[in-house]
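Asker: Using only what follows, build the 3D model:
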Amino acid sequence: MKLLITTLNSKFIHSSLSIRYLKEYISDLNINIEIEEYTINQNVDFIVSEIYKKDIDVLAFSTYIWGIEETLTICKKLKIVKPDLKIILGGPEVSFDIENLMKDNSFIDFIIYGEGEETFREFIIEYLNNEKYNNILGLSYRDDKEIKINSPRMLMENLDKVASPFKNMDSFKNKIIYYETSRGCPFNCKFCLSSTIDGVRFFSIDRVKKDLKFLIDSKVKQVKFVDRTFNTDKEYSMEIMNYIIDNNPENINFHFEVTAHLLDEEMLSFLKDIPEGMFQFEIGVQTTNEKTIEAIGRTTDFNKLSYVVGKINNYKNIHQHLDLIVGLPYEDYNSFKKSFNDVYNLQAEKLQLGFLKLLKGSELRAKEEQYEFKYLDSPPYEIMENKFISYKDILKLKVIEDLVEKYGNELNFRNTLKFIIKNYFATPFDFYEDLASYWEKNEYHLISHSLKKLYEILYKYFLENIGEDNQIFMEILKYDYIFNNNKQLPDYIKLDDEDMIKRVRHDFLKEDKNIRKYLPQYINMPVKKMIRDISIVSFKFDVLKLTNDFNKNDIKLEKKYYIFEHMGKGKVFTKSKVSDITKEFLKEVK
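Answerer: Have a look, this model is predicted:
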């Protein structure tokens with residue numbers, strides 16, 4: 001028997017944990033097993049041809065919302081040219097509405113629904129022997145022309161029975177490593193499939209530590225924990241975090257989904273000393289509308305969440321990503337505006353706007369008539385409108401989401417946006433709404449834009465829509481541009497004293513005392529080498545104070561000189577380091 005276990009990832013950089021679990025769970029059986037990952041960006045006919053050439057007997061496909069339609073097309077084509085091929089599908093996208101799915105797609109021979117490892121193993125054993133599938137829990141199959149759906153399987157109690165796939169890094173090279181320490185979620189949000197599973201189960205701490213040691217030693221770039229709530233058990237999660245820190249990983253980022261109101265003072269105190277860039281938190285807020293929170297069965301405390309996010313912000317060592325969802329019950333356009341402003345004002349590194357998807361099996365999907373959800377019943381099942389928010393308003397929010405991603409989340413415009421919002425708009429949402437109107441009016445939404453072009457568009461927007469305090473705005477824009485780009489400035493950003501700085505910069509960098517004070521890592525390096533990473537720029541006011549106060553009326557005009565050390569080589573998050581060198585540089589000038 002020759003078996004291929006495969007899936008379609010949404011991007012090349014992603015890796016599939018599920019197909020590797022399945023392979024390990026049957027690795028002791030005497031069969032030829034291969035795993036392969038494709039992506040939804042590859043041509044379907046190419047994937048069909050690649051699978052066909054493997055001359056397999058059984059094709060096992062792990063399915064998800066982003067690739068189910070392509071998966072079905074691939075399987076249908078393979079069945080036409082290889083009718084004896086047995087096709088088995090599993091995963092969340094085929095675990096619901098099984099009978100209709102198999103009726104509509106006659107090429108599907110089997111479906112595993114629910115947790116798959118044990119069902120998959122029993123299926124392979126039966127396939128190798130007498131092909132009697134009626135006693136395999138969690139399996140659907142065809143008996144002649146009749147579709148049989150066996151009883152569901154109980155969840156696995158001991159997760160350590162699933163052998164670790166982290167033994168060889170070759171298949172993970174240049175990929176994001178997905179990792180889980182638990183299955184299930186303590187909460188029951190009605191838009192999420194985790195609410196269909198009771199309780200939380202954990203892998204043993206020894207198993208987790210062994211896996212993490214392997215990943216750290218392999219020097220992967222990012223480990224993305226897929227636990228729905230990583231900090232469900234405080235002691236367990238802190239032991240894992242401590243283990244990571246104790247192993248001193250270099251240039252590895254660990255991403256966790258955490259619930260803010262579960263982070264108590266002990267854990268907050270612990271997080272204060274995490275090395276910068278090592279941890280990254282994703283925190284689901286979804287909404288701050290109390291009626292909406294009640295309708296979706298969410299457990300949250302926004303006051304506690306705000307306190308936690310603010311405290312971690314002050315540590316300046318952990319990136320925080322906060323999530324909101326458009327299209328939830330009782331959240332109209334104005335209500336979402338409030339939720340947006342509540343969360344944006346927390347000043348996390350990223351605000352991620354998602355649009356509600358009515359997933360098969362979710363409780364909100366079962367209430368589509370009550371809330372008058374309008375959506376296309378095919379992946380990704382994203383709503384177009386409901387009784388609270390119109391399609392027209394959702395389209396406006398789509399543009400705002402795009403601009404938040406382009407301008408707000410990449411930190412390239414952080415100071416410029418703070419200045420604009422604080423001085424010219426009542427709320428952050430009002431600014432993005434105004435920018436969105438300008439964006440569409442000028443048809444910028446019709447083409448993609450480079451980072452350089454995004455700076456230029458923001459420059460034009462300010463001059464045309466605001467046009468006040470241009471001098472202050474230009475200095476802040478210049479600061480953001482230089483801080484985030486070690487490139488030549490565009491023509492519309494003027495450099496003061498450029499000729500003079502060029503004349504004396506070399507002399508300044510030759511002085512050992514200057515290097516020791518501002519650039520100690522460059523000690524004993526020739527000037528001609530360090531100068532590639534070093535810029536000296538003059539500004540008309542103290543731009544470093546912008547991090548504390550963006551009120552235009554408090555800005556005092558006075559010439560300042562700064563040295564920029566451009567980073568980004570193996571560093572996480574920090575793009576540049578900047579220091580005020582006014583006194584020392586003026587001495588050099590004199």
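Asker: neighbouring contacts of the longest strand along the chain?
Answerer: Longest strand in the chain, counting residues (DSSP state E): strand 557-566. Strand 557-566 is contacted from outside by 482-483, 486, 496, 501, 518-519, 533-544, 575-582, 585-586, using C-beta atoms under 8 Å, 6 or more residues apart in numbering. The way it works is simple: take the backbone N, C-alpha and C, and place the C-beta from them, glycine included.
Asker: try 7 Å
Answerer: 482-483, 486, 518-519, 533-542, 576-582, 585 (C-beta atoms under 7 Å, 6 or more residues apart in numbering).
Asker: Kindly report the same for stretch 154-167.
Answerer: So stretch 154-167 is contacted by 20-21, 24-25, 115, 117-118, 183, 197, 201-204, 207, 211, 214-215 (C-beta under 7 Å, 6+ apart).
Asker: ranges for the strands of the stretch 351-500 of the chain?
Answerer: Ranges of strands in the stretch 351-500 of the chain, per DSSP state E, counting those that start in this stretch, are 374-375, 383-385.
Asker: what's the most buried one of these?
Answerer: Per-stretch averages of neighbours, counted by mean count of other C-beta atoms under 10 Å, single out strand 383-385 among the strands of the stretch 351-500 of the chain, with a mean of 18.
Asker: What are the contacting residues of it?
Answerer: So strand 383-385 is contacted by 327, 355, 356, 358, 373, 374, 375, 391, 394 (C-beta under 7 Å, 6+ apart).
Asker: Direction included, what does that strand pair against?
Answerer: Strand 383-385 has these partner strands in its sheet, going by DSSP bridges: strand 374-375 (antiparallel).
Asker: mean confidence score for the strand it pairs with?
Answerer: The pLDDT scores in strand 374-375 average 96.
Asker: Same check on stretch 38-51?
Answerer: 97.
Asker: What are the buried residues along stretch 458-473?
Answerer: 458, 459, 461, 462, 469, 472, 473 (16 or more other C-beta atoms under 10 Å).
Asker: now stretch 100-120, how far from the chain's geometric center?
Answerer: Its chain's C-alpha centre and that of stretch 100-120 lie 30 Å apart, by C-alpha atoms, centre = their mean, to the nearest Å.
Asker: Stretch 207-218 now?
Answerer: 22 Å.
Asker: Show me what counts as buried in that stretch.
Answerer: Going by neighbour count (16+ other C-beta under 10 Å), the buried part of stretch 207-218 is 207, 208, 209, 211, 212, 215, 216.
Asker: Which residue ranges of the stretch 101-250 of the chain form strands?
Answerer: So, for the stretch 101-250 of the chain - with DSSP E, counting those that start in this stretch - the strands run 110-112, 139-143, 146-149, 177-179, 182-184, 200-202, 222-225.
Asker: possible to save the ones you listed as JSON lines with distance to residue 58 and mean neighbour count?
Answerer: Formatted as JSON lines, the strands of the stretch 101-250 of the chain follow (distance: least, C-beta to C-beta, whole Å; neighbours: other C-beta atoms under 10 Å):
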{"stretch": "strand 110-112", "distance to residue 58": "9", "mean neighbour count": "25"}
{"stretch": "strand 139-143", "distance to residue 58": "13", "mean neighbour count": "19"}
{"stretch": "strand 146-149", "distance to residue 58": "19", "mean neighbour count": "12"}
{"stretch": "strand 177-179", "distance to residue 58": "25", "mean neighbour count": "21"}
{"stretch": "strand 182-184", "distance to residue 58": "26", "mean neighbour count": "20"}
{"stretch": "strand 200-202", "distance to residue 58": "29", "mean neighbour count": "16"}
{"stretch": "strand 222-225", "distance to residue 58": "30", "mean neighbour count": "19"}
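Asker: Could you dump the ones you listed into CSV and include distance to residue 268?
Answerer: Below are those laid out as CSV (distance: least, C-beta to C-beta, whole Å):
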stretch, distance to residue 268
strand 110-112, 42
strand 139-143, 46
strand 146-149, 48
strand 177-179, 24
strand 182-184, 22
strand 200-202, 22
strand 222-225, 19
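Asker: Let me see the contact set for residue 284.
Answerer: For residue 284, the contact set (C-beta under 7 Å, 6+ apart) comprises residue 323.
Asker: and it, that one's in a strand?
Answerer: Yes - assessed by DSSP: H, G, I helix; E, B strand; the rest coil, residue 284 belongs to a strand.
Asker: In helices, which of the buried residues of stretch 458-473 fall?
Answerer: Among the buried residues of stretch 458-473, the members found in helices (DSSP state H) are 458, 459, 461, 462, 472, 473.
Asker: So which of the residues you listed sits lowest on pLDDT?
Answerer: residue 472 (91).
Asker: okay but it is in contact with residue 552, surely?
Answerer: Yes - look at residue 472 against residue 552 with C-beta atoms under 7 Å: they come within range, at 5.6 Å.
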